[in-house]
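Asks: here is the input, now give the coordinates:
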Amino acid sequence: MAWNSASLESTLAMIVAVLFAVAGVVNLARPGAVKRDFARWGYPAWFQLLCGALELLSAALLPGQQTRVLGLTLAGAIMIGALFTLVRNREPFRHLAPALVFSALIVVTLAARG
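Replies: Numbering: from 1, shown residues only. Predicted coordinates:
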């Protein structure tokens, strides 16, 4: 299979969509450790649910060619908020690393659009 920018972009978008779908499900399920993190960061309980819903919305927008830019924009906004929260709370690098990887994938996907 020959890789062109469109197929690379679609593949990257699907990877980002899966990552955001998983993150959204985790936030909506509210496991104890994640619930404690949101509380420790000073966010109300509903904010975790909002984050999960926005992550799932972003994941749903990413596969469609017509909605991909909106999905990437929403994903980028989510990651700006996440990175701000992690840096503001001086979280260790092991918490920051996944957010940096997600952010890098968003940027690379946008770059692949050409």
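Asks: mind listing what Ala104 touches?
Replies: Ala104 makes contact with no residue, according to C-beta atoms under 8 Å, 6 or more residues apart in numbering. C-beta coordinates here come from the backbone N, C-alpha and C atoms, glycine included.
Asks: show me which positions of the strand or helix carrying it end up buried.
Replies: Using DSSP states H and E, Ala104 sits in helix 93-112. With burial defined by 16 or more other C-beta atoms under 10 Å, the residues of helix 93-112 counted as buried are Ala99, Phe102, Ser103, Leu105, Ile106, Thr109, Leu110, Ala112.
Asks: tell me what the helix or strand harbouring Val34 is packed against?
Replies: Val34 is part of helix 32-40, with elements assigned from DSSP H and E. Applying 3 or more C-beta pairs under 8 Å, 6 or more residues apart in numbering; DSSP states H and E, we find helix 32-40 packed against helix 45-61.
Asks: what about Ala75, neighbour count?
Replies: The number of residues packed near Ala75 is 29, by other C-beta atoms under 10 Å.
Asks: then the one 5 residues further on?
Replies: Here the number of neighbours of Ile80 (other C-beta under 10 Å) works out to 12.
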